[in-house]
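**Student:** What follows is a predicted protein model with its sequence.
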Amino acid sequence: MRTGEPLPPVGEVLATLATGLWHWDTATELVTVDSEAARLLGLPAVQTTLTEAQARSRLHPVDWNEIISVVGLAVAERTLAEVRIRIMDEHGRVIRVVRSRSKPSYDKERQAFQLIGTLQEVTEPTPGTPAGRSAVTGDWRRSREAFLLDAGRALAEARSTAEVLRVAAGLSMPGFSPDGLAVFGVEGDRLTIVGLYGYQPGDGDPFSPMPLDTDHPAAEVIRTGRAVYLSSPADYKTRYPVMWQLVESFGRQSWAFLPLTVAGRTMGAWMASFAYPVAFTPDERSVLTTVARMLAQALSRAGAQETERALTDGLQRSMLPMLGPQIPGMTVAARYVPTGGGLQVGGDWYDMIPLPNGRFALAIGDVQGHDVRAAGLMGQLRIALRAYASEGHRPDAVLSRASRFLHGMADGDPESPDLRFATSLYVEADPVTGILDIARAGHPDPAIRMADGTVLTRPTAGGLPLGIDPDADYPTTRITLEPGETMLICTDGLIETGGHDLDSGWQRIRTILEDHKGDLEELADALVQGVHGPSSHHTTGPLADRREDDIAVMLLCRPGEDRGLDHTLAPAPTVRRTLLSVAQAEPERVAVARQHLRELLHDWPSQDQVDSAVLLLSEMLTNVLVHTDADALMQAEVRGEPGGRRMRVEVTDTSDDLPHKRRPGEMASSGRGLVLIELLAQSWGVDPRGEGKSIWFELYEDA
């Protein structure tokens, strides 16, 4: 070749070097070889396309397994795949040894490998030499042990029958990999097909359902529980002449039919067919028998799991209602996620109930336990609660009757003497006015997401969990859902899942509520994903116990006056307001009011002003409780745009006695309330009402 002349084609160069080219696409299961590669494979020296089975028939079975493992490693390490391959003739004799070098790649969309490589004849290393000891064929028995370990792991991880069959079809047995598989099952007195690989079932073929007394190898295996090995077509034709007429066209050379046995019962049969003769030596039969046992266990386990899932889905569909028709003036979203293990059913539930007075009720609850009995009690309690609500009872009466019902069920069950209780929260909602009457039985308080994105818990009066005391009372708390606000009610699984306590779990939920910008359905999904989805692993709680619990959540939204029902929940500037009553018999609610005000002012820039407002509120509430016989009503609101907002806190009572400023002595224990208000507030006042009075103060953000 002279300088300046063009280079010859690559194919000519490789042919001159006795090197062949080949291309393998696992998606199409086709192998394309050029003329030189075809010659090295013992085929006519012309470019041709082979199926995987045809290419595999030219290679030593052990080397084929080596190719599969080397390709996987090369893809993982992004290196070349290099392997020595023994080429076999039609009689199973080695005619040459070639070296294959290829660059494999994996297509994620097609989920397939593509390999482009070369074939070049090499000299077989002499046994005992270093080259011979490093040959890739290795020891067959070690390959068998490694194969069985990998097969056992893969089958153990399969979760469904279809997945088990896919794993079985992908097993490459050391030295004798089948290219056709079939799993037969039993339904009554008939032989059925569970799955196939390497065949296309059709009418009149040997894979149609048939009676168990048919002269078929799989039927005989199921009837007798003993394996059948057919090492040649002649064996098949002699033992099963009728079936041979149906299988002859497939062109297989050897067959193994093995029983699938679990706990001493033959549940089916597994067929492995080979495109080349297999002698079925004791070692080979041992491998097949072991695989059959693992396959039977995997199929049995997958069948049990599928039955469990079907039972779970059926229980969940029957026990959890579909949300009813759209409510004029309000929207509702709900989610239920079983997460506690077992049958994936438990005692959590939710319900939406139309009421005779034109209102509707939301109910949510959690029966103690996470088992079938808890699910059964949940279903009965939900139905009973729905019945009491539909009769028109008020929220307190609904929960009282439900508690008596559950106590009677637990008390009258001789099979389970342990007391079962349930927490519940019941809300009667007026879609016109937004008024919510809430009764609570040992359940977490509701939370309100205001129109500007601020989230507050709404402390409500409550009683004992249902079923503990048949005569328990459940006081009712009335709040108003303002336009643009959303109420969240949930079971404790939403709060405590992932090692959280009530405080840390609530902070996680509050962050999700405040940051969300989508619609109500998207918010429901975000709450579930935030505590149970992949992102929840980044927000684990302080507790070492990471056990999960069922999650039930309901969202009730009253759209803003200028928005439709499909509005998103993006924060909107508006008035932020909260109300809370403090009764004479409940002085502990003063602390609740202080916390409520801090939550309302969570983004107020001056912490000193927040502390001042909390102090003044405490003084005003305490003054009502100490110096009057009336209850106190606290109303706090924030108005204006950030940077120029105004905070107003007002306490109202029904007493006509007006407060007056005094000058307490150094040792006096009272009389400083108005003095503090005058010192700390920008403005304040006392307003007489028709019945009672109101004392108020204001603080300004720019002050």
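**Tutor:** Received it, and whenever you're ready, just let me know what you need.
**Student:** In this structure, what helix or strand scores lowest on average pLDDT?
**Tutor:** helix 130-133 (a mean of 38; mean pLDDT, DSSP states H and E).
**Student:** backbone phi and psi for residue 504, please?
**Tutor:** phi -70, psi -40 (degrees, to the nearest 10).
**Student:** who's in contact with it?
**Tutor:** Neighbour list for residue 504: 541, 542 [criterion: CB atoms under 8 Å, 6 or more residues apart in numbering]. C-beta coordinates here come from the backbone N, C-alpha and C atoms, glycine included.
**Student:** shaky segments in the stretch 301-450 of the chain?
**Tutor:** 309-325, 339-346, 370-372, 410-419 (pLDDT under 70).
**Student:** So which residues of it form strands?
**Tutor:** 331-337, 348-354, 360-367, 422-429, 435-441, 447-449 (DSSP state E, counting those that start in this stretch).
**Student:** Tabulate those in CSV, adding columns for distance to residue 218.
**Tutor:** As requested, these are arranged in CSV below (distance: least, CB to CB, whole Å):
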stretch, distance to residue 218
strand 331-337, 42
strand 348-354, 46
strand 360-367, 48
strand 422-429, 52
strand 435-441, 59
strand 447-449, 61
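**Student:** Columns distance to residue 689 and mean neighbour count on top of those, output as CSV?
**Tutor:** Converted to CSV, these look like this (distance: least, CB to CB, whole Å; neighbours: other CB atoms under 10 Å):
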stretch, distance to residue 689, mean neighbour count
strand 331-337, 36, 20
strand 348-354, 38, 23
strand 360-367, 34, 25
strand 422-429, 29, 26
strand 435-441, 22, 23
strand 447-449, 26, 21
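**Student:** ok, now how distant is the closest residue in space to residue 329 that isn't next to it in sequence from residue 556?
**Tutor:** Using CB to CB, 6 or more residues apart in numbering and skipping residues adjacent in sequence, the residue nearest residue 329 is residue 431, 4.1 Å away. Residue 431 sits 10 Å away from residue 556, going by CB to CB, to the nearest Å.
**Student:** Need the residues touching each of these two.
**Tutor:** residue 330.
**Student:** Looking at those two, which has the bigger crowd around it?
**Tutor:** The neighbour comparison of residue 431 against residue 556 (other CB atoms under 10 Å) goes to residue 556, with 27 against 16.
**Student:** ok, the more buried one - contacts?
**Tutor:** 330, 331, 332, 362, 427, 429, 481, 486, 487, 489.
**Student:** between those residues, which is nearest residue 578?
**Tutor:** For the contacts of residue 556, the residue nearest residue 578 by CB to CB is residue 481; the value is 12.1 Å.
**Student:** Within its local environment, how many residues does the closest residue to the closest one other than its chain neighbours see?
**Tutor:** Among residues not flanking residue 481 along the chain, residue 434 sits closest, at 4.2 Å (CB to CB, 6+ apart). Using other CB under 10 Å, the number of residues around residue 434 comes to 18.
**Student:** ok, now which ones touch the closest residue in space to residue 59 that isn't next to it in sequence?
**Tutor:** Nearest non-adjacent residue to residue 59, counting by CB to CB, 6+ apart: residue 85, 5.5 Å away. Contacts for residue 85 (CB under 8 Å, 6+ apart) come out as 59, 60, 63, 67, 97, 98, 99, 100, 119.
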